[in-house]
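Following is a predicted model, sequence given first.
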Amino acid sequence: MKITNARVIVCSPGRNFVTLKIETDEGLTGIGDATLNGRELSVASYLTDHIIPCLIGRDAHQIEDIWQYLYKGAYWRRGPVTMTAIAAVDTALWDLKAKAAGLPLYQVLGGKSRTGVMVYGHANGTDIEHTVDEVLRYADMGYKAIRAQSGVPGLDKVYGVGRGNLFYEPADADLPSEHDWSTEKYLRHTPKLFERLREKLGFDHHLLHDVHHRLTPIEASRLGKSLEEHQLFWMEDATPAENQESFRLIRQHTTTPLAVGEIFNSIWDCKELIENQLIDYIRATVVHAGGITHLRRIADLASMYQVRTGCHGATDLSPACMGAALHFDLWVPNFGIQEYMRHTEETDAVFPHAYTFDKGMLYPGDAPGHGVDIDEKLAAKYPYKRAYLPVNRQQHDGTLWNW
Ligand code: EZ4
Ligand code: CO
């Protein structure tokens, strides 16, 4: 099965997505997500200008060799742009291999390890009572696991708090918008949110929370400790993870489970975190961590240390990533949970997909491949629109902080 052509499709049905489509001499096509929020066109160029010319004529079945060729062959290794571009190729090739076999992707990976994929949804509100209502609404919709984020009194804009229902889009402006931050205000507020949530919801649902890189290790330790009685499924991105050693301090102080890794792009970003058992869940995902080929390597390393997967699944990852991730999740032995933010109707229409939601679980479906396609005619109606993620500043003096 020779690769005859490959194309990059950039579209914006509600938000920007970059998609790679690979065509073969057997008439089969495969697609892969290449979306890197706020830096979309860099990946599009990396693919069009530097990768696609090297793909033409290659055997689409040689997934491992093509992965190594693109990784080692670039000389410049790793980094989000490179690894997202490689992921797009890898995802499209796995899609093709499974289609050529006439099997859903999970079968090619090794078959089902479970009946379905437990997901967590995003509930958020402007204050505690609003957030409680939203969490209860998610529980009514059948979710078994719910992430709760709330506005903080005295802060103008806070991560995770959206406008409207079921939809939170952080890339909210043509140039980066500015959020304000106060660690003290956030730390005073957050334990109260979870106290109230457990009061109203009980303990039959999993609750999760995303700190979104905003605390120092000792502050994160304090938060983790104060949340212990509320039994969170995890505390996510408690502190920035460039220095993997930072998590040791948090680990020494709290039994609240820790998750990190949505911005990781290779196994090297999580090697020490995993080998030293400093985390419980690794959040690396198909599109930003080198595709299924590389994510499988990360998951295998993690399994040796009882670290489970919890793949990133925000709306800036396209349905093509979600489809691939769900096949991966159904197979991977050390699965933990999958994040799931619903896409808009426009996005769902551009990416017809086989996966379905039922009672808090997602099912990838049994269509050959990863089960997600792109309607190119419809995609062409939504041209790229520049959009950035916000920046965050300390409220008291304007110091640029982690968003
Ligand atoms: O802010 O995907 O857990 N989910 C998240 C996301 C990220 C966005 C950034 O592009 O943290 O909402
Ligand atoms: Co997150």
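Great, that's in hand. Ligands and ions are numbered 1, 2, ... in the order given.

show me what contacts the residue of the stretch 51-200 of the chain found nearest ligand 1?
Nearest residue of the stretch 51-200 of the chain to ligand 1: Pro170, at 5.1 Å (C-beta to the nearest ligand atom). For every residue, glycine as well, the C-beta is placed using N, CA and C. By C-beta atoms under 8 Å, 6 or more residues apart in numbering, the contact list for Pro170 reads 37, 159, 314, 316, 389-390.

Check which helix or strand it maps to.
Using DSSP states H and E, Pro170 is not contained in any helix or strand.

that older thread, near ligand 1, from the contacts of Pro170?
Restricting the contacts of Pro170 to those near ligand 1 by C-beta under 6 Å from any ligand atom leaves 37, 314, 316, 389.

Any figure for the gap between the closest residue to the third one other than its chain neighbours and Leu378?
With C-beta to C-beta, 6 or more residues apart in numbering as the measure, Asn37 is the residue that lies nearest to Asp316, at 4.0 Å, once sequence neighbours are left out. Per C-beta to C-beta, to the nearest Å, Asn37 is found 22 Å from Leu378.

more crowded one of the two?
Counted by other C-beta atoms under 10 Å, Asn37 and Leu378 do not tie: Asn37 has more neighbours, with 20 against 15.

Can you tell me the SS state at the more buried one?
Assigned state for Asn37: coil (three-state reduction, DSSP: H, G, I helix; E, B strand; the rest coil).

Same question for Glu199.
Here Glu199 is helix, with the state taken from three-state DSSP.

My read is that Arg7 contacts Lys21, right?
Yes - with contacts counted by C-beta atoms under 8 Å, Arg7 reaches Lys21, the gap being 5.1 Å.

can you list the residues of this protein near ligand 2?
Within reach of ligand 2 by C-beta under 5 Å from the ion, the chain has these residues: 210, 262.

Let's see that with 8 Å instead.
Neighbours of ligand 2 within the chain, by C-beta under 8 Å from the ion: 210, 212, 236-237, 262, 283, 312, 314, 339.

quick one: which of the residues you listed sit in strands?
210, 236, 339 (DSSP state E).

if we take those residues, which one ends up nearest to ligand 2?
Ligand 2 has its nearest neighbour among those in Asp210, at 4.3 Å by C-beta to the ion.

partners of the spatially closest residue to the closest one that is not a sequence neighbour in the sheet?
The shortest distance from Asp210 to any non-neighbouring residue, by C-beta to C-beta, 6+ apart, is to Glu236 (4.3 Å). Beta-bridge pairing for Glu236 (DSSP bridges): Asp210, Ala259.

any idea of the pLDDT on the residue of the stretch 51-200 of the chain closest to ligand 1?
With respect to pLDDT, Pro170 has a value of 90.

just Gly162 next, same as before
pLDDT, Gly162: 75.

biggest helix in the chain by residues?
helix 80-101 (DSSP state H).

buried set for that one?
The neighbour-count check on helix 80-101 (16 or more other C-beta atoms under 10 Å) flags 80-100 as buried.

Likewise for stretch 101-111?
103-109.

what distance separates it from the centre of its chain?
Distance, stretch centre to chain centre, for stretch 101-111: 22 Å (C-alpha atoms, centre = their mean, to the nearest Å).

start to end distance for it?
Chord length of stretch 101-111, first to last residue, is 14 Å (C-alpha to C-alpha, to the nearest Å).

mind listing the helices for the chain?
With DSSP H as the criterion, the chain has helices spanning 40-45, 52-55, 63-73, 80-101, 105-109, 128-140, 183-201, 217-227, 246-253, 271-275, 291-303, 319-331, 345-350, 376-379.

out of those, deepest packed?
Highest mean neighbour count of the helices of the chain: helix 319-331, a mean of 29 (counted as mean count of other C-beta atoms under 10 Å).

which bits of the stretch 251-400 of the chain sit near ligand 1?
Selection of the stretch 251-400 of the chain residues close to ligand 1 by C-beta under 6 Å from any ligand atom yields 262, 312, 314, 316, 339, 389.

Can you get me a residue count around the fourth one?
Same thing as Asp316. Per other C-beta under 10 Å, the neighbour tally for Asp316 reads 24.

Is it in contact with Thr84, as I believe?
No - applying C-beta under 8 Å as the test, Asp316 and Thr84 come out as separate, 11.5 Å apart.
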